[in-house]
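Q: 3D, please:
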Amino acid sequence: MEPDAMSALTISDTLATTTDSLQLIELDHQGILGIEGPDAVKFLQGQVTCDIRDLASPVSRAGAQCTPKGRMLSSFRVLQSQPETLLLRADTAMLEAIQKDLGKYIVFSKARLSNRSEHYRLLGITGAGAAKYVEEISGQTFSGNDAWLKYRQSFFIQLDEQRVECWLASEDAVQLTSQLGTRTTKAPANSWTLATIRAGFGEVYPETRELFTPQSLNYQLVNAINFRKGCYTGQEIVARLHYKATLKRHMYRVTFRLPDGFSLPTPGAGIVDAQGKTLGELVVAAVDRNNTAEALVVVPDNQLEHLYLAQHPEIQLTRLDLPYLIPLENDH
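A: Take a look at the predicted model:
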């Protein structure tokens with residue numbers, strides 16, 4: 001969801017989103033940016049945290065674009081659809097900023113940027129067996145997480161066995177949407193946000209530009225930073241945090257109760273301790289069933305027991321497991 005829509009969501013007007021069935025979710029809050037030309041790979045390689053040279057495998061990669069001080073300007077997922085074409089998926093509210101940020105540097109390269117969102121319909125499939133379901137439809141097999149399949153002119157990306165992104169080309173969209181809908185139940189965008197939270201993957205929204213480092217969102221733990229790829233904007237700071245610093249803050253998954261009529265906290269909302277001292281920030285939140293919500297928050301590793309929402313200090317956050325382990329010392 002776009003942050004504006006997210007802030008309007010309440011427990012009472014959101015569908016229950018925890019189910020074992022396959023869900024088909026319209027991702028109209030996301031869009032596609034195209035980077036095309038002989039220098040497309042070389043150009044983006046010098047701008048982002050992930051290794052663009054990996055994409056020829058073919059795999060997709062999550063990554064971030066940073067300021068020279070190592071703060072995240074944006075987050076995305078990217079794949080190489082053709083030798084001289086990269087497709088970068090990001091939140092629609094961020095696309096214009098990403099295009100502007102990259103546009104400052106692309107003038108020196110034989111490459112061009114274009115908003116390709118109108119050429120794709122983006123869907124998500126969640127639930128047990130999501131990847132197998134797509135394999136049945138396409139007649140192909142994923143090689144693992146982050147791998148993608150091309151079917152007709154469209155792309156299916158396995159994030160994990162229970163989450164698949166579908167980038168449907170305009171000419172395929174009607175027929176493939178119908179096929180994907182045969183054994184799935186339609187669900188709101190909140191369901192995708194909730195599944196992403198449970199996967200422990202945080203992204204940047206307009207409210208949180210330049211707020212987080214890649215490490216504070218655990219990007220080193222989800223293969224969204226390559227520390228051997230060479231130089232890119234912000235690389236010196238990101239590498240220094242990895243090799244020479246002890247990370248004392250990470251992103252954690254939490255749950256909390258919200259009374260009926262309360263709005264979800266928006267990205268960047270403050271997290272405080274019992275005395276009201278600011279400890280960190282909320283990355284994203286989504287509604288679950290039974291008057292509860294889940295969120296990702298960035299807070300100190302040694303202060304996980306007494307966390308509260310700054311806007312609603314009566315609401316305590318309870319830590320939940322992530323699908324990966326967070327090291328509590330230097331990430332060497």
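Q: what residues does stretch 30-37 touch?
A: 43-44, 84-92, 95, 98-99, 102, 106, 109-117, 119-120, 122, 167 (Cβ atoms under 8 Å, 6 or more residues apart in numbering). For every residue, glycine as well, the C-beta is placed using N, CA and C.
Q: ChimeraX command to pick out the buried ones of the residues you listed?
A: Buried subset of the contacts of stretch 30-37, written as a ChimeraX selection, criterion 16 or more other Cβ atoms under 10 Å:
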select :43,44,85,86,87,88,89,90,91,92,95,98,99,102,106,109,111,113,116,117,119,120,122,167
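Q: mind listing what the closest residue to A56 other than its chain neighbours touches?
A: The shortest distance from A56 to any non-neighbouring residue, by Cβ to Cβ, 6 or more residues apart in numbering, is to Q80 (6.0 Å). Q80 is in contact with V41, I52, L55, A56, P58, L86, L87, counting by Cβ under 8 Å, 6+ apart.
Q: what's near enough to touch the third one?
A: Same thing as L55. Contacts of L55 were listed using Cβ under 8 Å, 6+ apart, and they are V41, R61, V78, L79, Q80, L86.
Q: That one in helix, strand or coil?
A: Under DSSP: H, G, I helix; E, B strand; the rest coil, L55 falls in the helix class.
Q: for the helix or strand containing E135, the distance to its chain's centre please.
A: Here E135 is covered by helix 130-138, with elements defined by DSSP states H and E. Centroid separation for helix 130-138 versus its chain: 22 Å, with Cα atoms, centre = their mean, to the nearest Å.
Q: Next: stretch 92-102.
A: 15 Å.
Q: Show me what that stretch is in contact with.
A: 2-4, 28-31, 33, 35, 44, 47, 65, 73-76, 88, 90, 113, 115, 117, 204-206, 209.
Q: Please flag which of these sit within strands.
A: The members of the contacts of stretch 92-102 that map onto strands under DSSP state E are 30-31, 33, 35, 65, 73-76, 88, 90, 113, 115.
Q: which residues of the stretch 151-300 of the chain fall in strands?
A: 154-160, 163-169, 185-187, 249-257, 270-272, 278-287, 292-300 (DSSP state E, counting those that start in this stretch).
Q: nearest to K229, of the ones you listed?
A: strand 154-160 (20.8 Å; Cβ to Cβ).
Q: Buried ones from the contacts of stretch 92-102, can you make that a ChimeraX selection?
A: Buried residues among the contacts of stretch 92-102 (16+ other Cβ under 10 Å), as a ChimeraX selection:
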select :2,3,29,30,31,33,35,44,47,65,73,74,75,76,88,90,113,117,204,205,206,209
